[in-house]
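K.L.:
Got a predicted structure plus its sequence, pasted below:
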Amino acid sequence: MPSERRLHPLSFVFVIGGQIRQLVVPGLVVLIGAGSAGLDWQGWVMLFVVPYAIVALLGTLSFRYRFDAGELVITRGFVFRNERHVPYGRIQNIDAVQHVLHRLLRVVDVRVETGGGDEPEARMRVLPIAALEEMRERVLAGRAARAVQSGDSPAGAVAQTVAPQRRALLTLGPRELLLAGFIDSKGLIIVGAAFGLLWELGLFDSTVNVLLGEQVSSRGVIRQAVGALVGGRLPSIGRMAVMVLAFAAFVGAIRVLSMIWSLIRLWGFQLYRVADDLGTEFGLFTRVMATIPLRRIQTVTVRETPLHRVFRTAAIRVDSAGSDGAEGGAARRESLAPIVRRADLQRVLGEVLPDVDVLAAAWSPVDPRGFWRAFRSSLVLAVLLTLPFIAMLRWWTLAWLAVLVGWAWVHARLYVKHLAWAVGDQAVLFRSGYLWRELTVARFNKIQAVTLGESPFDRRARMASVRVDTAGAANASHRVDIPYLARHVADGLYRRLAGEAARTAFRW
């Protein structure tokens with residue numbers, strides 16, 4: 001019988017540390033409440049958390065795992081013993097996280113996922129680095145042996161008995177990471193948190209007074225600004241210039257913070273391939289090591305913002321079938337490459353979609369009549385946005401209606417112009433957006449359902465839409481949902497995709 005492995009001897013330290021972190025905030029609330037009420041006995045309520053810490057400690061000490069011929073076996077519990085058998089072929093992700101203390105002690109927090117539920121099959125807190133490498137080698141070798149037995153691997157293939165070679169696909173240096181932060185502007189999260197704190201403390205009052213030239217509480221600045229606008233009391237040109245400069249400085253500060261955050265969070269980013277798995281590793285203080293099995297990738301999306309096009313870069317995301325802890329969901333959206341040079345885009349995509357040439361796809365536009373459909377929708381929105389201001393303000397606000405009508409025309413023209421679809425030998429492709437552009441690829445063997453949709457407006461214009469659903473389609477995903485197709489074109493595309501999906505064996 002294979003020997004059983006235990007967790008690292010210091011695992012109980014991290015378990016207890018995790019318990020303490022969860023109890024810090026409620027514990028402080030109880031202690032402060034007890035002190036302010038003059039009731040010393042309320043502090044003793046904190047002692048009831050001790051049994052929970054003991055239970056967690058016993059669970060850690062009873063944790064065992066071993067590598068059998070075709071499965072990973074995990075056992076835990078002294079009194080009530082639980083044993084779980086996880087076939088190597090079902091293991092999708094072996095993710096690892098290292099905080100600063102983990103790195104100092106050369107240990108790692110490991111999550112083993114199969115994609116079969118909302119929670120990981122096992123969380124091993126914590127393992128030595130060597131144990132993580134051994135687990136990955138055993139799982140990869142077990143997958144290869146299972147593929148040979150089932151006939152999924154090429155004829156004559158032999159199961160791997162040695163560790164597969166790790167091949168780097170994309171490495172991002174500090175310059176690329178700073179550029180990624182500048183483009184994504186994630187610093188808004190930090191600024192928003194700081195802004196909310198200072199707002200509640202009332203520390204923005206002095207700044208608001210300088211900008212508006214009067215004594216105004218920061219909590220009432222929006223209400224008073226709206227009142228001034230309705231009453232026609234606009235600030236002076238000099239005051240407006242100061243406000244514009246302050247806004248520009250605010251935007252610049254967000255970009256700088258975003259660059260710093262990107263550099264820290266993605267430090268040492270590397271995308272690599274080991275056998276049939278893609279892996280990412282990044283982080284300056286908290287080191288994250290994640291795996292993305294190629295066979296679990298459902299769709300691939302290339303995203304380009306205006307700044308991406310200026311710097312000739314793009315970002316790649318994938319939708320994969322796997323547990324992310326979301327309610328009822330077995331889908332998650334993962335960043336494959338936060339930034340990649342345009343010249344390297346096809347090379348990286350070729351590792352994920354080796355039989356799909358994204359850049360050479362033969363694109364087909366949607367029906368030109370879609371412009372009028374999109375224009376009417378934008379026109380209705382423009383009128384609804386303008387009418388309240390016409391009612392509250394003067395007649396000159398009708399000029400805004402003319403501006404919005406022009407915007408509706410331009411928006412509809414560009415939106416429909418950039419809608420396109422393509423069908424290759426192995427996949428269907430869809431792109432949309434003219435400022436923020438997204439291109440999504442869904443392979444035929446990942447398609448779960450194809451839908452032909454008609455709204456009342458579609459039926460009136462003899463048009464339809466075609467939608468493709470995959471197992472990894474999350475709520476925020478850019479789906480293959482092609483609108484504004486002539487009915488005969490939609491029928492042909494629907495039959496083609498449904499036929500390809502039916503002829504191709506579905507692969508998780």
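P.N.:
The structure has been received and is ready for your questions.
K.L.:
For the helix or strand hosting Leu132, buried residues please.
P.N.:
Using DSSP states H and E, Leu132 sits in helix 129-150. Using 16 or more other CB atoms under 10 Å as the test for burial, helix 129-150 gives 129, 131-132, 135-148. Just so you know, the C-beta spots here come from the backbone N, C-alpha and C atoms, and that holds for glycine as well.
K.L.:
Give me the buried positions along stretch 418-436.
P.N.:
419-424, 427-433.
K.L.:
now for it, what's the gap between its first and last residues?
P.N.:
Start and end residues of stretch 418-436 are separated by 11 Å (CA to CA, to the nearest Å).
K.L.:
Quick one: mean pLDDT over that stretch.
P.N.:
Per-residue pLDDT over stretch 418-436 has a mean of 94.
K.L.:
just stretch 174-182 next, same as before
P.N.:
Mean pLDDT, stretch 174-182: 94.
K.L.:
Do you have the helices of the stretch 401-508 of the chain handy? List them.
P.N.:
456-461, 487-503 (DSSP state H, counting those that start in this stretch).
K.L.:
Report all helices and strands that the longest one contacts.
P.N.:
Under the contact criterion of 3 or more CB pairs under 8 Å, 6 or more residues apart in numbering; DSSP states H and E, helix 487-503 touches strand 420-423, strand 447-453, strand 463-470.
K.L.:
Would you check the distance separating the helix or strand hosting Ser258 from the middle of the chain?
P.N.:
Taking DSSP H and E as the definition, Ser258 sits inside helix 237-265. Mean C-alpha position of helix 237-265 versus that of the full chain (CA atoms, centre = their mean, to the nearest Å) differs by 25 Å.
K.L.:
closest to Ala449 among the buried residues of stretch 418-436?
P.N.:
Distance to Ala449, by CB to CB, is smallest for Val428 among those, at 13.0 Å.
K.L.:
List the residues that contact the closest one.
P.N.:
Going by CB atoms under 8 Å, 6 or more residues apart in numbering, Val428 touches Trp421, Ala422, Val441, Ala442, Phe444, Ile447, Val468, Val480, Leu497.
K.L.:
swap in Ala442?
P.N.:
Ala442 touches Gln298, Thr299, Ala427, Val428, Leu429, Val468, Thr470, Val480, counting by CB under 8 Å, 6+ apart.
K.L.:
mind checking the SS state of the second one?
P.N.:
Okay, so that is Thr299. What DSSP: H, G, I helix; E, B strand; the rest coil gives for Thr299 is strand.
K.L.:
So what's the residue count around it?
P.N.:
Residues contacting Thr299 under the criterion other CB atoms under 10 Å number 28.
K.L.:
So which other helices or strands are in contact with the helix holding Leu132?
P.N.:
Using 3+ CB pairs under 8 Å, 6+ apart: helix 129-150 touches strand 71-76, strand 93-98, strand 107-113.
K.L.:
Turn those into CSV, including mean pLDDT.
P.N.:
Converted to CSV, those look like this (pLDDT from 0 to 100):
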stretch, mean pLDDT
strand 71-76, 90
strand 93-98, 88
strand 107-113, 90
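K.L.:
Out of the ones you listed, which is closest to Leu263?
P.N.:
Minimum separation from Leu263 across those (CB to CB) falls at strand 93-98, 18.0 Å.
K.L.:
Mind listing residues that contact the closest one?
P.N.:
107-113, 115, 132, 135-136, 139, 283, 286-293, 322.
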